[in-house]
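Participant: Can you look at this prediction? I've put the sequence above it.
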Amino acid sequence: MITPEQKFQQVAQHNGFADNPAQHQAIGVLNQVFLSVVKNLKKKSCFLFARYFAVKGVYLWGGVGRGKTCLMDVFYQCLPEGCALRVHFYQWMQSVHQLLENNIGRKNPVDYVADQFARKYRVICLDEFLVSDITDAMILYRFLRRLFYRGVTLITTSNTPPDDLYKGGLQRERFIPAIALIKSHMKITRLDHDRDYRYWSDQLSWAFFHPLNAQSQKGMRHIFFMLTGHQVTQADREKILICRRDMLAQCVCAQAGWFLFTTLCEEACGNNDYIELAERFRVLLVEGVPVMDDNRAGATRRFIWLVDICYDCKVKLILSAEVSLGKLYNGVLLQEEFQRTISRVYEMQSWIMNKKPV
């Protein structure tokens with residue numbers, strides 16, 4: 001059995017990671033939790049009627065690009081197969097809401113759905129824990145309380161300290177007990193240092209074009225041809241079926257799709273649309289990303305969701321924009337979320353250097 005500490009050393013050596021005390025401290029905390037979880041699982045397998053003793057989880061938070069997801073993935077990969085779930089927070093909440101909807105007529109549906117997760121998984125790893133939706137905020141206390149009661153260990157990454165979760169949200173006072181639960185059932189571990197590792201790449205020019213002019217359009221066409229071998233023309237425009245409705249694509253070739261920002265982020269698209277796009281395409285080109293601010297909060301949030309889903313699904317994302325990446329958002333409401341988006345776009349551009357045809 002390999003431990004997270006040992007696994008992380010292997011990953012760090014293989015990828016040439018610089019030595020970082022904050023990461024070492026965080027992986028040490030995860031390693032302790034891992035050993036306790038494995039000990040619990042062994043007791044349960046030896047004694048049929050033994051109960052699980054609650055193992056405190058980890059709430060790993062810090063600035064964008066600090067390696068939180070990498071550390072959580074190392075922890076998850078070391079766990080015995082089948083005992084844990086690893087998922088992005090927004091996808092998890094989608095599945096929770098769907099299960100609740102399927103069990104509307106049942107007594108205490110929140111407890112019932114939480115019990116379903118607890119029966120299947122001893123550990124749940126949630127990437128990018130961020131509460132911005134009131135429907136999520138209103139059920140999280142009861143849901144987390146039931147998971148912890150059932151002995152589930154929760155591991156999360158977040159850019160936000162627990163006390164700032166859902167800050168400024170509607171009816172936040174009803175969410176405060178969820179924060180108290182997190183602080184009492186999880187080890188709050190900060191991972192922060194001066195470097196955002198995602199920015200340490202000189203490949204941005206390969207897949208981010210600005211401003212919106214003929215040169216940018218030429219660059220988009222060139223990289224589409226480089227990846228697919230297809231020359232784009234206006235005749236390539238077609239409607240494709242996404243989530244049982246038509247969506248206009250500028251071009252679709254093999255596993256690459258070219259779309260306008262207005263189509264993906266200013267129309268009534270949601271996470272399910274982006275998930276289906278990410279499942280269908282290995283490369284997405286998004287043309288015409290404008291400067292965003294609080295007056296375009298809806299489009300901004302959809303763009304954040306799109307980037308998150310492409311990142312999580314390892315989809316290559318190519319953008320043409322009105323201004324440089326760091327100047328795309330001038331608002332206040334979504335500033336924290338958009339910093340993560342910028343960091344992720346930087347990292348994703350390096351994926352384009354793998355210029356295999358799609």
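Facilitator: Done, it's in. Numbering: from 1, shown residues only.
Participant: So T153 is in contact with V123, correct?
Facilitator: Yes - here T153 reaches V123: they are 4.7 Å apart, a contact under C-beta atoms under 8 Å. Where you see a C-beta, it was placed from the backbone N, CA and C, and this is true even at glycine.
Participant: Which of those two has more residues huddled nearby?
Facilitator: Higher neighbour count among T153 and V123: T153, with 27 against 23, using other C-beta atoms under 10 Å.
Participant: which stretches of the stretch 51-200 of the chain form helices?
Facilitator: Using DSSP state H, counting those that start in this stretch, the helices assigned to the stretch 51-200 of the chain run over residues 68-78, 89-102, 109-120, 134-149, 176-185.
Participant: Go through these and pick out the most buried.
Facilitator: Greatest average neighbour count among the helices of the stretch 51-200 of the chain goes to helix 68-78 (a mean of 21), per mean count of other C-beta atoms under 10 Å.
Participant: about what we covered before: switch the helices of the stretch 51-200 of the chain over to a markdown table; also include distance to G57 and mean pLDDT.
Facilitator: Formatted as a markdown table, the entries for those read as follows, by distance: least, C-beta to C-beta, whole Å; pLDDT from 0 to 100:
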| stretch | distance to G57 | mean pLDDT |
| --- | --- | --- |
| helix 68-78 | 10 | 93 |
| helix 89-102 | 14 | 91 |
| helix 109-120 | 13 | 94 |
| helix 134-149 | 9 | 93 |
| helix 176-185 | 6 | 96 |
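Participant: Just put the ones you listed in CSV and tack on distance to Y346.
Facilitator: Listed next are the helices of the stretch 51-200 of the chain as CSV, based on distance: least, C-beta to C-beta, whole Å:
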stretch, distance to Y346
helix 68-78, 14
helix 89-102, 21
helix 109-120, 34
helix 134-149, 28
helix 176-185, 29
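Participant: closest one to Y311 among those helices?
Facilitator: When these are ranked by proximity to Y311, the top entry is helix 68-78, at 9.2 Å, counting by C-beta to C-beta.
Participant: F261 and L334: what is the separation?
Facilitator: 16 Å (C-beta to C-beta, to the nearest Å).
Participant: Please read the previous query as pertaining to K316.
Facilitator: Counting by C-beta to C-beta, the gap between K316 and L334 amounts to 24 Å.
Participant: More neighbours: which of the two?
Facilitator: Neighbour totals were compared for K316 and L334, and K316 leads with 24 against 20 (other C-beta under 10 Å).
Participant: Could you list the low-confidence segments of the stretch 101-250 of the chain?
Facilitator: Low-confidence regions of the stretch 101-250 of the chain, defined by pLDDT under 70, span residues 193-206.
Participant: swap the cut-off to 90 and go again
Facilitator: 104-105, 128, 130-136, 159-160, 167-170, 191-208, 219, 222-236, 244 (pLDDT under 90).
Participant: hey, where'd the strands end up in it?
Facilitator: Here the stretch 101-250 of the chain has its strands, by DSSP state E, counting those that start in this stretch, at 123-127, 153-158, 186-190, 208-209, 238-242, 245-249.
Participant: for the fourth one, packing partners?
Facilitator: Okay, so that is strand 208-209. Taking 3 or more C-beta pairs under 8 Å, 6 or more residues apart in numbering; DSSP states H and E as the contact definition, the neighbouring helices and strands of strand 208-209 are helix 214-228, strand 316-321.
Participant: Parallel or antiparallel, list what pairs with it.
Facilitator: According to DSSP bridges, strand 208-209 has the following sheet partners: strand 316-321 (parallel).
Participant: so how far is the following helix or strand past the partner strand off the chain centroid?
Facilitator: Downstream of strand 316-321, the first helix or strand assigned by DSSP states H and E is helix 335-351. Taking C-alpha atoms, centre = their mean, to the nearest Å, one finds the center of helix 335-351 at 11 Å from the center of the full chain.
Participant: By neighbour count, which bits of helix 335-351 are buried? Give me those.
Facilitator: With burial defined by 16 or more other C-beta atoms under 10 Å, the residues of helix 335-351 counted as buried are 336-351.
Participant: Sort out which residues of the longest helix belonging to the chain are buried, please.
Facilitator: For the chain, the helix with the greatest residue count under DSSP state H is helix 21-46. For helix 21-46, burial by neighbour count (16+ other C-beta under 10 Å) applies to 23, 26-27, 29-34, 37-38, 40-41, 44.
Participant: Let me know the angle separating that helix from strand 186-190.
Facilitator: Using axes from the mean of the first three to the mean of the last three C-alpha atoms, to 10 degrees, the interaxial angle of helix 21-46 with respect to strand 186-190 works out to 160 degrees.
Participant: Which elements pack onto helix 21-46?
Facilitator: Applying 3+ C-beta pairs under 8 Å, 6+ apart, one finds that helix 21-46 contacts helix 4-15, strand 57-61, helix 68-78, strand 153-158, strand 186-190.
Participant: Which secondary structure elements does the fourth one sit against?
Facilitator: Counting contacts by 3+ C-beta pairs under 8 Å, 6+ apart, the secondary-structure elements packed against strand 153-158 are helix 21-46, strand 57-61, helix 68-78, strand 123-127, helix 134-149.
Participant: Distance from the chain centre to the third one, please.
Facilitator: Once both centres are worked out by C-alpha atoms, centre = their mean, helix 68-78 turns out to sit 14 Å from its chain's centre.
Participant: coming back round to it: right, so of the helices and strands packed on strand 153-158, which gets closest to I304?
Facilitator: With C-beta to C-beta as the measure, strand 123-127 is the member of these nearest I304 (14.4 Å).
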